[in-house]
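Q: prediction below, plus the sequence it came from.
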Amino acid sequence: MVLGGGGVTGVAWELGVLAGLAEAGIDLGSADLTVGTSAGSVVAAQLTSGTDLEKLYAGQLIGAGNEIAARISATTMLKWVLAFVGSRDPQQGRARIGRMALAARTVPEDDRRAVIEDRLPVHEWPRQRLLITAVDAESGEFVVFDRDSGVSLVDAVGASCAVPGVWPPVTINGYRYIDGGVRSTANVDLAQGYERVVVLAPTTAGAGPVPSVATQAAQLSGRVAVVSPDKRTKEAIGRNVLDPARRAPAARAGREQAAVVAATVAGVWSAGRD
C-alpha cells in the first residue's frame, strides 16, 4: 500500500477512505509493505500501529486538536517551481528547495515535533515493513527511513511532513530533512516488485522532473489501483490542504468515496488470492 501526501486534509481523507474500505471488507492494513510520504507517512504510521481504524477515523472529526493552522503561499509555490528551472538533475532542484526551506521563517522545530508526536498513537516502529520518505535539505538526496535506519518513527514522520517554506526542516543526527513529497507526491516506485499495489494519493500531479502518480504507477510490474479525491472530496477539502478545520469534511468525503471505489480496489487487492 502506498499513501501519498496532501496536508492535514490528506491525512483525514486517507483515513476516511481506509475506514470505508474496511467497512466494505477490504483490509489494507494487512499489506506486506506500506509506503508513506508526507501526510501519507502519518497515516502509514497510524495504520501499522495496531490502533483501531475507527478510532483513528473518529479522531479526524473532533476539531483541530493541537494542529497548527498554516497555508502554502503563492510565493512559496513559485519558489518550488523556480527551484527546478535550470537544474541539471532532480536532486539539484531538490537541494535548491532545501536551501529555501532552511532559510524560511517557521514555527520552532520543537513545536512542530509536538504536533507529530500527538498524531502518532505509538512512537515505535511496527513489525510490518514500513517505509517513510524524506529528502536531505542540503544535498537534495532522497532518503527512505525504516525500522533499521536508526531513526525514531516520530522524527522520520516529522521529516517526511516538513513542507519546505511552511514547516521547519527536521534535524536527525546532525542532518536536516524536508518533505518526501519534494521528490514525488507518493513515491509509488518504492512498491516495484509487488504483485498488488493500492495507492491512496490526495495529490497526484507532477511537473518537470517530479513524476506524477500516474507515471510512476504505470511503471509498476504488478496490478495497481490508484485512488485520488473525487469532485465532492475536492470541494470538502477546499483551497487550503493545511487547514485543520477541513479535516472532518475531508474524512467524511473519503469515507463516502470508499463505497464508490471499493470494487476497483477489491479487484486489485484480492486478485490471485483464494
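A: Arrived safely, thanks for sending.
Q: can you give me the helices in the stretch 101-250 of the chain?
A: Taking DSSP state H, counting those that start in this stretch, the helices of the stretch 101-250 of the chain run over residues 109-119, 153-160, 213-218, 231-237, 247-269.
Q: quick one: residues in contact with the second one.
A: Contact with helix 153-160 is made by 36-38, 41-42, 45, 112-113, 116-117, 119-120, 122-125, 132-134, 143, 145, 149, 169-170, 172, 177-181, as judged by Cβ atoms under 8 Å, 6 or more residues apart in numbering. To be clear about C-beta, it is placed using only N, CA and C from the backbone, and glycine gets the same treatment.
Q: one more pass at 7 Å, please.
A: Helix 153-160 has contacts (Cβ atoms under 7 Å, 6 or more residues apart in numbering) with 36-38, 41-42, 45, 112-113, 116-117, 120, 123-125, 132-134, 145, 170, 172, 177, 179-180.
Q: what subset of the residues you listed is buried?
A: Among these, those classed as buried by 16 or more other Cβ atoms under 10 Å are 36-38, 41-42, 45, 112-113, 116, 120, 125, 132-134, 145, 170, 172, 177, 179-180.
Q: which members of those occur in strands, if any?
A: In this view, the buried ones among the contacts of helix 153-160 that belong to strands under DSSP state E are 36, 132-134, 145, 170, 172, 177, 179.
Q: closest to residue 266 among those?
A: Among those, residue 36 lies closest to residue 266 (Cβ to Cβ), at 22.4 Å.
Q: so how many other residues sit close to the spatially closest residue to the closest one that is not a sequence neighbour?
A: Spatial nearest neighbour of residue 36, excluding adjacent residues (Cβ to Cβ, 6 or more residues apart in numbering): residue 44 at 3.0 Å. Residues lying near residue 44 (other Cβ atoms under 10 Å) number 26.
Q: is it true that residue 210 touches residue 184?
A: Yes - applying Cβ atoms under 7 Å as the test, residue 210 and residue 184 come out as touching, 6.2 Å apart.
Q: which of those two has more neighbours?
A: residue 184 (24 against 18).
Q: which pLDDT value belongs to the more buried one?
A: pLDDT recorded at residue 184 is 95.
Q: and the residue nearest the centre of the chain, how far is that from residue 141?
A: The structure's the chain has its C-alpha centroid closest to residue 40; by Cα atoms, centre = their mean the separation is 2.4 Å. Taking Cβ to Cβ, to the nearest Å as the measure, residue 40 falls 20 Å from residue 141.
Q: same question for residue 245.
A: Between residue 245 and residue 141 the computed distance is 36 Å (Cβ to Cβ).
Q: same check, this time on residue 114
A: Using Cβ to Cβ, residue 114 is found at 27 Å from residue 141.
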